[in-house]
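>>> Sequence and predicted model, in that order:
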Amino acid sequence: MLSIVSRSLLSHKSLLLLYTSSSAIRGSRQFRPLRILVKRRTFAAMPPKRKATVPPNAASANNYTDSAGDRANKRSRVSKPIINYLNKEVPPEKFTAKNDENGGPAEAVAAETINADPEPAFDHSRPEERSGIVDRRYYPAEMSNERCAQYNDNEIPRPIELLNKAVEESALARTSIRDQKRGESVIHWFKRDLRIRDNTSLSKASALAKEIGKGIIGVWIMSPQDWEAHLVSPAKCDFELRSVDALRKELAELDIPLYIEVVKRRRDLPERLVGLANEWSAKNVFCNIEYEPDELRREEELVKLMSEKGINFEPQHDDCVVPPGTLKTGGGKQYAVYSPWYRNWVGYLHAHPHVLDELPIPGKNPVGFRAKYKALFDARVPDAPENKKLSDKDRERLHRLYPAGEAAALERLERFLKEKVVMYKDTRNFPSKNSTARLSVHHAAGTLAARTSVRLARDVNKTKKLDGGLQGIQSWISEVAWRDFYRHVLCHWPYVCMHKPFKFEYTNVAWEYSDPNFEAWKTGRTGYPIVDAAMRCMNTTAYMHNRLRMVTASFLAKHLLLDWRLGEQYFMLKFIDGDFSANNGGWGFASSTGVDPQPYFRVFNPWLQSEKFDEAGEFIRQWIPELRDIEGKEVHNPYAKVGTTAARTAEKNGYPKPIVDHKLARERCLARYKAGIGRDTA
Ligand SMILES: Cc1cc2nc3c(=O)[nH]c(=O)nc-3n(C[C@H](O)[C@H](O)[C@H](O)COP(=O)(O)OP(=O)(O)OC[C@H]3O[C@@H](n4cnc5c(N)ncnc54)[C@H](O)[C@@H]3O)c2cc1C
């Protein structure tokens, strides 16, 4: 196919709450109000505690989610789904004491604006639910800090451990099914691995099929509920659908059918897979593991369910270059800091070079298989669900920008390695240089394995050492490694996928939920050109450069003090490369709540970032037409001085003035974080 491939392939002035926590429940969200001092406004004391309920239509969600978190959560209500709030399809509810069913001081949240006091009262009445961050159709109420601590203390088994246990406990039964070499076909279930090359599970399924003299059937199931629960963007849905179509065609050339089906309710998926295996007399079903908790639990269920039904279900590690759980600190723990983890990652791959070897591509299905399963070859890729459809204009643009499928991924990788990787280290931070690989969309959809990327980059280096040779290649490989790092974190600290920050004590920072500021950030109208250019670029292209992801995320969390999870979710709803762990990791870094983060007292100065990484203002002028006529450095901050030509031009063209004062915002941020972290009410 491609040459390179074939070669190897807080004290609010109006309200002050003081709390004490009983030592028995320290670290939990169970508070004992000590004293309430009301200076100007009077609110009811803490709302009554009540047990969180799961809405009746959330049945599917609780099949897999950590609903036990509800035990420790005292208040909850069914909130508007995030998708409505973020997309403004339904205006967010106005919160008043009247409609706040907990009777709590809800209006305090809505009333706070960016210029409010630096330390408002810490509000325990679950703003994350009222603002839609927790979509209660699919998820239980936010987990308590206490439960997070239990995960940390190994008191609660992690979903990956439960999957491993199920695999171990069923090993005998499954091996015996396998050894009997029965069945008329072998199934590979495609998920986020939409490729035929270098695909662990597909390769193993193919080897087994050959051994038993049968053929493989590929299955791809569209689950609109999964897409909704995971906030998959319309751009990403469209990319996946196009990639599935490309995959279908490639498989057909090997006489492998790709069976496609839409399963309406996500909880029905395991039973449906069993049904398909029975229909096709398949005794062996393979898939690659997805590392989010719901997916791990689903795979655990499938291992057990299929075993009971006499089917061998084999989930494989494939998505990471080095499987989660492999790398441990000297003390046998999971790393929470990237640099030592990375040294270990490199060392492991040097010691086990075969991990990077390309896996065999599946062979052709046996003669007669196509005729026998003729109907399966007729499957057509479905349209995206209504709430995930792109406009014609967006579709046309995104198809042009992001050719889908494995062949396009490999072609892009080859071009990047030939033309850009050498300079990557020096150019990677400059958005207008277009110097990065733009492969995240392919890594996220699995049209390209991270393993393939690392191997092929290594193979164009002067050495087989991943941390040697050309600086650009070393640097690029270390970026691909970040993807692994955040997946390892996700597996070990699964609560990061349950609306909790890695540093769960940061839950106690009093975040803002101001609608106008969030709207200004989303639409690129904050008055900070670099932030606005980045947001407008993302809204148009469904992609944002890494440096700008850091700047815009930091701006939302630190300048606007908005709950970082609002931004995290908005990114997911927009990105074509939306990927839970990479996105969550990035937001954790930028908001200082995550693993190996930026310290909270480091607040990016957007103007300095802009001058450094978009020195000539090219990127700003490309995305903000209102500022195109401003010459020189003033484009970075046109309102820096009153009455200048730059300020007049910006104003005349309708470009907004900064919605926050940088210095004040920084001071407020430091005070708010400090108060939050110090709050002894975790
Ligand atoms: C707030 C924030 C949100 C992010 N959200 C996502 C997301 O939803 N999906 C996503 O894939 N990446 C995300 N990233 C990471 C990073 O910005 C993108 O992976 C990168 O910009 C993709 O462009 P590229 O393919 O040209 O990257 P390159 O610079 O060419 O890097 C090569 C590959 O390495 C991986 N990679 C690079 N940087 C990172 C990183 N910091 N974390 C994890 N993997 C990385 C990607 O798979 C990427 O394709 C986020 C970063 C931040 C700060």
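Cool, the structure landed. What you are looking at is a predicted structure, and each value in this text was computed from that prediction instead of being measured. Residues are numbered from 1 along each chain as shown.

>>> residue ranges of the helices in the stretch 51-200 of the chain, please?
For the stretch 51-200 of the chain, helices defined by DSSP state H, counting those that start in this stretch occupy the ranges 82-87, 106-111, 127-130, 145-152, 159-169, 171-179, 200-212.

>>> Would you mind naming what in the chain lies close to the ligand?
Contact residues of the chain with respect to the ligand, defined by Cβ under 6 Å from any ligand atom, are listed as 428, 436-440, 443-444, 479-480, 482-483, 486, 545-546, 549-550, 553, 571, 575, 577-579, 582-583, 585-587, 589-590. Heads up, the C-betas are built off the backbone N, CA and C, glycines and all.

>>> Filter those down to the ones in helices?
Under the assignment DSSP state H, the residues of the chain next to the ligand contribute 440, 443-444, 479-480, 482-483, 486, 546, 549-550, 553, 571, 582-583, 585-587, 589-590 to helices.

>>> Residue of the stretch 501-650 of the chain closest to the ligand, please.
Closest residue of the stretch 501-650 of the chain to the ligand, Cβ to the nearest ligand atom: residue 586 (2.2 Å).

>>> Disregarding flanking residues, what is the spatial nearest neighbour of that residue?
With Cβ to Cβ, 6 or more residues apart in numbering as the measure, residue 549 is the residue that lies nearest to residue 586, at 5.6 Å, once sequence neighbours are left out.

>>> List buried residues within the residues of the chain next to the ligand.
If you count burial by 16 or more other Cβ atoms under 10 Å, the buried members of the residues of the chain next to the ligand come out as 428, 436-440, 443-444, 480, 482-483, 486, 545-546, 549-550, 553, 571, 575, 577-579, 582-583, 585-587, 589-590.

>>> Would you confirm that residue 463 contacts residue 477?
No - applying Cβ atoms under 8 Å, one finds residue 463 not in contact with residue 477, separated by 11.8 Å.

>>> Of those two, which one has the most company?
Neighbours per residue, other Cβ atoms under 10 Å: of residue 463 and residue 477, the larger number sits with residue 477, 24 against 12.

>>> Give the full set of residues in contact with the more buried one.
Under the criterion of Cβ atoms under 8 Å, 6 or more residues apart in numbering, the contact partners of residue 477 comprise 454, 457, 458, 466, 467.

>>> Now those residues in TSV, please, with extra columns for neighbour count.
Rendered in TSV, the data for the contacts of residue 477 read as follows (neighbours: other Cβ atoms under 10 Å):
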residue	neighbour count
454	22
457	23
458	21
466	26
467	16
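
>>> Now intersect those with the helices, please.
In this view, these that belong to helices under DSSP H are 454, 457, 458.

>>> TSV for those, including distance to residue 629 and pLDDT?
Putting these into TSV (distance: Cβ to Cβ, whole Å; pLDDT from 0 to 100) gives the following:
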residue	distance to residue 629	pLDDT
454	45	98
457	42	98
458	47	98
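
>>> OK, contacts around the residue positioned nearest the centre of the chain?
Taking Cα atoms, centre = their mean as the criterion, residue 580 is the residue nearest the geometric centre of the chain, at 1.4 Å. Under the criterion of Cβ under 8 Å, 6+ apart, the contact partners of residue 580 comprise 230, 292, 490, 497, 572.

>>> mind redoing it with 10 Å?
Contacts for residue 580 were tallied using Cβ atoms under 10 Å, 6 or more residues apart in numbering; they are 230-232, 290-292, 295, 444, 486-487, 490, 496-497, 568, 572.

>>> If you count neighbours, what's buried in stretch 511-525?
Within stretch 511-525, the residues scored as buried using 16+ other Cβ under 10 Å are 511, 512, 513, 514, 515, 517, 518, 520, 521, 522, 524, 525.

>>> isn't the last one right up against residue 655?
Right, residue 525. Yes - under the contact definition of Cβ atoms under 10 Å, residue 525 touches residue 655, with a separation of 8.3 Å.

>>> For these two, list the residues in contact with both.
Common neighbours of residue 525 and residue 655 (Cβ under 10 Å, 6+ apart) are 532, 624, 626.

>>> and the last one, what pLDDT?
Among the per-residue scores, residue 626 shows a pLDDT of 98.

>>> Pretty sure it sits against residue 657.
No - checked against Cβ under 10 Å, the pair residue 626 and residue 657 is beyond contact range at 12.0 Å.

>>> where do the contact lists of these two overlap?
Common contacts of residue 626 and residue 657 (Cβ under 10 Å, 6+ apart): 638, 650, 651.

>>> Between residue 626 and residue 657, point out the one with more neighbours.
For residue 626 and residue 657, the more surrounded residue by other Cβ under 10 Å is residue 626, and the numbers stand at 19 against 11.

>>> Is the more buried one part of a helix or strand, or is it coil?
Following DSSP: H, G, I helix; E, B strand; the rest coil, residue 626 is assigned to helix.

>>> Buried only: go through the shared contacts of residue 626 and residue 657 for me.
Among the shared contacts of residue 626 and residue 657, those that count as buried by neighbour count (16+ other Cβ under 10 Å) are 638, 650.

>>> Mind checking which of the shared contacts of residue 626 and residue 657 are in helices?
Judged by DSSP H, helices contain the following of those: 650, 651.

>>> Include pLDDT when you put the shared contacts of residue 626 and residue 657 into JSON lines, please.
Putting the shared contacts of residue 626 and residue 657 into JSON lines (pLDDT from 0 to 100) gives the following:
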{"residue": "638", "pLDDT": "98"}
{"residue": "650", "pLDDT": "98"}
{"residue": "651", "pLDDT": "98"}
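
>>> Report the contact partners of residue 164.
When contacts are counted by Cβ under 10 Å, 6+ apart, residue 164 is found next to 157, 158, 296, 300, 303, 315, 325.

>>> How many residues are close by the second one?
The one in question is residue 158. 20.

>>> nearest residue to it other than its sequence neighbours?
In space, not counting the residues next to it along the chain, residue 158 is nearest to residue 494; the distance is 5.4 Å by Cβ to Cβ, 6+ apart.

>>> Return the residues in contact with that neighbour.
Listed by Cβ under 10 Å, 6+ apart, the contact partners of residue 494 are 66, 143, 148, 151, 156-161, 291-294, 296-297, 500.

>>> Residue 285 belongs to a helix?
No - with the criterion set as three-state DSSP, the secondary structure at residue 285 is strand rather than a helix.

>>> From what I see, it and residue 306 are in contact.
Yes - with contacts defined as Cβ under 10 Å, residue 285 counts as touching residue 306 at a distance of 6.4 Å.

>>> Now do the shared contacts for those two.
The overlap between the contact sets of residue 285 and residue 306 (Cβ under 10 Å, 6+ apart) consists of 273, 274, 277, 312, 313, 314.

>>> got a list of what the fourth one touches?
It refers to residue 312. The contact partners of residue 312, taken as Cβ under 10 Å, 6+ apart, are 170-171, 173-180, 182-183, 186, 208, 277, 282-286, 303, 306.

>>> Among the buried residues of stretch 511-525, which lie within helices?
When DSSP H defines the helices, the subset of the buried residues of stretch 511-525 inside them is 515, 517, 518, 520, 521, 522.

>>> so which of those comes closest to residue 196?
Of all these, residue 196 sits closest to residue 522, with 38.3 Å by Cβ to Cβ.

>>> Now, of the contacts of residue 580, which are buried?
Of the members of the contacts of residue 580, the ones counted as buried by neighbours, 16+ other Cβ under 10 Å, are 230-232, 290-292, 295, 444, 486-487, 490, 496-497, 568, 572.

>>> And the helices in the stretch 351-500 of the chain?
Defined through DSSP H, counting those that start in this stretch, the helices belonging to the stretch 351-500 of the chain, from first to last, are 369-372, 392-401, 406-419, 424-427, 440-445, 450-459, 471-492.

>>> Could you look over the ones you listed and pick the most buried one?
Compared across the helices of the stretch 351-500 of the chain, helix 440-445 shows the largest average neighbour count, a mean of 25 (mean count of other Cβ atoms under 10 Å).
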